[in-house]
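>>> how would this look folded up:
(2 chains)
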Amino acid sequence: MRQMSGIKTKEREFFQRFGLQFRVQHTLLFLSTITLIITGVPLWCMGRPGYSWSQAVVRAFGSIETIRYIHRAGAAVLILVSIYHLFYTVFTKEGRREFIELLPRWKDVSDVTINSLYFLGLLKYRPSFGRYTYYEKFDYWAVYWGCVIMIGTGLVLWFPQVAAKYVPWFTYELAAEVHGDEAILAALALFIWHFYNVHFNPSLFPGTLLWWHGKISGEEMMRDHVLEYYKTVLAQTKSKDQKADSQSGTTV
Amino acid sequence: MRKETEATVGLILVFFASTYALEGQELLGDRSDGSRATPLHLIPLYAENKDGEKGEQIEPGAEFPMPFSMSWTCGECHSYGLVKKGWHFNAVDSNVAPGRPGQPWIYFAPKLCIQIPLSYRQWPGTFRPAQVGLTEFQFTRIFGRHMPGGGPGEVQTTEVDEIARQFVSGTLEINCLACHNAHHGQDMGGPGGYAVQVSRQNFRWAAAASCEFASVKGSAAAVPETYDPFLPDPDEKNAPRVTYRKEAFNENNEVLLQIVREVPNQRCYYCHSNLYYSQPEKAERWALDEDIHLTAGLRCVDCHRNGIDHNIVRGYAEESVHSSNPLAATSSCEGCHLSQGKDQPQAGRLGAPVPKHKGLPPSHLKKLTCTACHSGPWPGNETILTKTSRAHRLGTPNVNKAQEVLPHIIAPVFARQEGRIAAGPWHGLPARENTVKMAVPLVPAKPGERGKIAPHKLIWPAYWAVIEGDQVKPVAIGVIEKVVGKVFADLELPGTGDWPKITKEKIAEALKALGAAVESEAVYVAGGTLYRLDGSRELAEEVDHPAAAPYMWPIAHDVRPAAQSLGARQCEDCHSPDAPFFKSLVCIDSPVQGDGGVFKQMIDMYEFGGPVYVRVNWFFKVLIIGVMTLLILHILGDLYRRFITKVQTLKFKNKNCGIAAKRR
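As a prediction, the model looks like this:
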């Protein structure tokens, strides 16, 4: 991801928030996740009392085997994008910087406290957020933890014989339970929490294309990432000054 | 002179034979000489005399011949005292290790809503017959029909009321013919056969009645206690009398018995048959496949072997721990199907295939018995009712063939094998009476070991008892008949032999009546629940009470081959959301209205503390509820503040608009 750069348009000021690699990862992640949820729900419901409708979903797909193949294809994409992200985090400057920005800090604790007091009407102003708000960090780490659990347990379900050989304590039933439970948590968090923050939030409704072009308006920056805004503007001003100085022949 | 000499020699031989027998010396038939041929059994038959000693040789033409005695006939050449130590006959010996829990004798009385597992062996969960007031004599009369004699049948009663009666009926000696007679005329369950004779208290006559060359009429139970069977009264028409088929005897009054060393399967089946009601259309025997071993040509006794001591191999994995049979270790599933060690070829005994278990994670073999996948009926969505010879009198006259007939045995139930056995002298601990079910001390077979999961048959005990502290003691059946029988006098019994339905009000009424008749607090146990009267004399229920826990015993047969085993269709046989191994419903059987016909899940039967993933599920439930509550509160807080801000902005705008208008 490139350093945020201000782009002046006639109407609004825009900044490049996310780079191409980040957007590709996000796109692969949400495509695979949506696929996994759509195919995972009928797999989870099959055979459980009170979920006879799942039979209709299975018929729509053709067979349970078809659903299973699609689910595993989605899982393969998720695994690949997770590996991609690990490499991105370790081997690219941008990835390392983003990772460091996403690490929890004490400021996040104070931000949670201040925001809670703000919600309760006890404070008049929201906290000033940096590049990532605490709830964006929560999103990231929830996905991180979720991927580790879902991929780990999913592999046990996919290759039970291998798993039973090398991790016999991690039984098929335990894996199935964790896989299903974590999937429910992840799906709820995605559709309620993440969708609110990026789609249904009155400021963003009906949604933002940030995930597509990676650009954020100066207005949104001022509202949600004010510290990052000033940091970026300051850096741009400094850069411009240095550029101007170098063009003027460095006369002192 | 020559005859006198022969007689003298004969007497000397008999004397020596008797002396050897008494001193535990080997008799003629105690040890094989190595010949595989079955010895000819053209032998004289002997009766027992009034003093319990060897009586006269049987003469079929006598006016009132006595029944022949097994102990004195077979005991001529085989040490009867040694045979009595065999597994089929030694249950009453408290010094015999009980081994793995087996099928109990089930006393049931629909009218009294009783179904209780009994055993002389200290199998945890069973009760000693004496605990329900059954003497050995009474026990034999009820259950002797499917016993090969011996055991409780030979115990001399000490009950004053029964001494005279037992003198008439005699004892139920070991019926060697029940197993070793290969003649198709051996009658165990026929109209005049062994079972009928036992029910008539014709214990002394039962073995003779079962063989092909004798028949018995009359009933010892129908004659007065003063009747002397050794001085038959021609006027006593009901007295038991035996008639021998004269053609069966030669000129020396010897009989050619079709005795075989290896017991034919048909003889075993009389007591060891099972009927699983898995599917209605397969409820008939002809529609069922049999055990793969039998299909392959093996006989029961090829695996269940014994020597003259009749200490037969039961065939379970840990049997060698407490069996003196040298073949115990090699006659289990593993014993036959796995390698016999370096000195033996890499193949199973008797050509048994060595299992490959290709692709099966080894952890399965540590957690499951072989039978879990290879034995018993195929598990379905619900457990099924099962009948057994001993519980349902199969093979005897006038059996109620309805599926629902009591006792209710449920199968297959996957449960952990005890992995532990009741303590007793064989563990260096003092023997103790199994007076209270919950008080039976248990010791692990191996320290820290959990039993493997195996398919079981299960019975939910139902009985009337008294509770003293934490001890639940069943009340004698005689008392129950008098007290509870009176309360339940109007109870309608279904023709199917199923439970009558009793209401909880009726139980309370019966408990009040029983409480007045016994000294301690009366309780009723059924379907895993203990019913008692609380302080206000209302019925209280204690669900899953230890005294109401089901009794289970492992299923061994019928064995299914690899292609028909659980797992033959890969992991999904067990590891799928609706797999019976985990999710099958185990019926809770109870006569109490509203409590019967409910279910437990199979997993609860072998993971009593709850499996790990159940706790994981609980953790995730808390996590999901907690996290989502916080997130939704966050969203609501955000929306609330946005709303407030919007309202304040509008007010501010309106206010400013008003000021501007005034200025204008």
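
>>> what's the helix or strand for B:Glu334?
Element membership for B:Glu334, per DSSP states H and E: helix B:333-337.

>>> which other residues reach that helix?
Contact partners of helix B:333-337, identified using Cβ atoms under 8 Å, 6 or more residues apart in numbering or on different chains, comprise B:303, B:315, B:317, B:329-330, B:348-350, B:352-355, B:369-371, B:374. For every residue, glycine as well, the C-beta is placed using N, CA and C.

>>> Next secondary structure after it?
Counting by DSSP H and E, the element after helix B:333-337 in chain order, helix or strand, is helix B:363-367.

>>> Give me the domain ranges for chain B.
For chain B, the structural domains run B:1-31, B:355-610, B:614-664, going by automatic domain parsing.

>>> could the ones you listed go into CSV alongside distance to chain A and mean neighbour count?
Listed next are the domains of chain B as CSV, based on distance: least, Cβ to the nearest Cβ, whole Å; neighbours: other Cβ atoms under 10 Å in any protein chain shown:
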stretch, distance to chain A, mean neighbour count
domain B:1-31, 49, 11
domain B:355-610, 3, 18
domain B:614-664, 3, 12
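
>>> Confidence-wise, which of those is weakest overall?
Per-stretch averages of pLDDT across the domains of chain B put domain B:1-31 at the bottom, with a mean of 57.

>>> can you pull out the strands in chain A?
A:6-8, A:13-16, A:215-217 (DSSP state E).

>>> Go through chain A and flag its longest helix.
Using DSSP state H to define each element, chain A has its longest helix at helix A:64-91.

>>> what's the offset of that one from the middle of its chain?
Counting by Cα atoms, centre = their mean, to the nearest Å, helix A:64-91 is centred 15 Å from the centre of its parent chain.

>>> packing partners for that helix?
Judged by 3 or more Cβ pairs under 8 Å, 6 or more residues apart in numbering or on different chains; DSSP states H and E, helix A:64-91 is in contact with helix A:20-45, helix A:53-61, helix A:93-102, helix A:134-158.

>>> which of the ones you listed has the lowest average pLDDT?
Among those, helix A:53-61 scores lowest, at a mean of 81.

>>> Now do it: which elements does it pack against?
Under the contact criterion of 3+ Cβ pairs under 8 Å, 6+ apart, helix A:53-61 touches helix A:20-45, helix A:64-91.

>>> picking that back up, which two among the contacts of helix B:333-337 are spaced furthest apart?
B:Leu350 and B:Thr369 (20.5 Å; Cβ to Cβ).

>>> circling back: rebuild the strands of chain A as a markdown table, extending it with mean neighbour count.
Shown next, in a markdown table, are those (neighbours: other Cβ atoms under 10 Å in any protein chain shown):
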| stretch | mean neighbour count |
| --- | --- |
| strand A:6-8 | 13 |
| strand A:13-16 | 19 |
| strand A:215-217 | 19 |
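
>>> Could you count how many residues lie near B:Cys300?
For B:Cys300, the neighbour count with other Cβ atoms under 10 Å in any protein chain shown is 22.

>>> The closest residue to A:Val77 other than its chain neighbours and A:His213, how far apart?
Spatial nearest neighbour of A:Val77, excluding adjacent residues (Cβ to Cβ, 6 or more residues apart in numbering or on different chains): A:Ser32 at 3.9 Å. Distance of A:Ser32 to A:His213, given as Cβ to Cβ, to the nearest Å: 21 Å.

>>> can you check A:Arg68 too?
Going from A:Arg68 to A:His213 by Cβ to Cβ gives 36 Å.

>>> quick revisit: please identify which of the strands of chain A is closest to chain B.
Ranking the strands of chain A by distance to chain B, with Cβ to the nearest Cβ as the measure, places strand A:215-217 first at 18.3 Å.

>>> give me the low-pLDDT residue ranges for the stretch 101-250 of chain A?
For the stretch 101-250 of chain A, residues meeting the criterion pLDDT under 70 lie at A:248-250.

>>> got the residues of it near chain B?
A:115-116, A:118-121, A:135, A:160-161, A:163-165, A:168, A:171-174, A:176-178, A:181-182, A:184-185, A:188-189, A:192-193, A:196, A:201-203 (Cβ under 8 Å from any Cβ of the partner chain).

>>> Buried subset of the residues you listed as a PyMOL selection?
One line in PyMOL is enough to select the buried ones among these; burial here means 16 or more other Cβ atoms under 10 Å in any protein chain shown:
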select buried, chain A and resi 115+118+119+135+160+163+164+171+172+173+174+176+177+178+181+182+184+185+189+193+196+201
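
>>> Would you check that A:Pro42 makes contact with A:Val57?
Yes - using Cβ atoms under 8 Å, A:Pro42 is in contact with A:Val57, at 4.2 Å.

>>> any shared contact partners between those two?
Residues touching both A:Pro42 and A:Val57 comprise A:Ile67, with contact defined as Cβ under 8 Å, 6+ apart.

>>> Please say which of the two ends up with more neighbours.
Ranked by neighbour count (other Cβ under 10 Å), A:Pro42 and A:Val57 place A:Pro42 first, with 21 against 18.

>>> Enumerate every residue touching that one.
A:Ser54, A:Val57, A:Val58, A:Phe61, A:Ile67.

>>> Next up, the contacts around the fourth one.
Taking Cβ under 8 Å, 6+ apart, we find A:Phe61 in contact with A:Thr39, A:Pro42, A:Ile67, A:Ile70.

>>> all helices of the stretch 151-300 of chain B, in order?
Under the criterion DSSP state H, counting those that start in this stretch, the stretch 151-300 of chain B contains helices at B:160-169, B:176-180, B:194-199, B:203-210, B:265-269, B:292-295, B:300-303.

>>> before we move on, back to that, among the contacts of A:Phe61, which pair sits farthest apart?
Put simply, by Cβ to Cβ the two of those set farthest apart are A:Pro42 and A:Ile70, 10.6 Å from each other.

>>> and the spatially closest residue to B:Glu404 that is not a sequence neighbour, what does it touch?
Excluding the flanking residues, the one nearest B:Glu404 by Cβ to Cβ, 6+ apart is B:Asp498, at 3.9 Å. Shown in contact with B:Asp498 (Cβ under 8 Å, 6+ apart): B:Pro110, B:Ala402, B:Glu404, B:Val405, B:Leu406.

>>> any idea how far chain A is from the residue nearest to the spatial centre of chain B?
The residue lying closest to the centre of chain B (Cα atoms, centre = their mean) is B:Gln103, at 1.2 Å. Per Cβ to the nearest Cβ, to the nearest Å, B:Gln103 is found 31 Å from chain A.

>>> Residues touching stretch A:196-206, excluding its own?
Here stretch A:196-206 makes contact (Cβ under 8 Å, 6+ apart) with A:135-136, A:139, A:207-208, A:210-211, A:220, A:223, B:635, B:638-639, B:642.

>>> Mark out where each domain of chain A begins and ends.
Domain segmentation of chain A under automatic domain parsing yields A:1-17+A:214-247, A:19-210.

>>> can I get these in TSV with distance to B:Asp51?
Formatted as TSV, the domains of chain A follow (distance: least, Cβ to Cβ, whole Å):
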stretch	distance to B:Asp51
domain A:1-17+A:214-247	108
domain A:19-210	66
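
>>> nearest to B:Ala214, of these?
B:Ala214 lies closest to domain A:19-210 among the domains of chain A, at 60.1 Å (Cβ to Cβ).

>>> Just give me how far that closest one sits from the chain centre.
Mean-position distance between domain A:19-210 and its chain equals 7 Å (Cα atoms, centre = their mean).

>>> Give me the distance between the closest residue to B:His456 other than its chain neighbours and B:Val413.
Distances taken as Cβ to Cβ, 6+ apart put B:Met552 closest to B:His456, at 3.9 Å, once the chain neighbours are dropped. Separation of B:Met552 from B:Val413 (Cβ to Cβ) stands at 6 Å.

>>> Could you name every residue contacting both of those two?
Common contacts of B:Met552 and B:Val413, defined by Cβ under 8 Å, 6+ apart, comprise B:His456, B:Lys457, B:Leu458.
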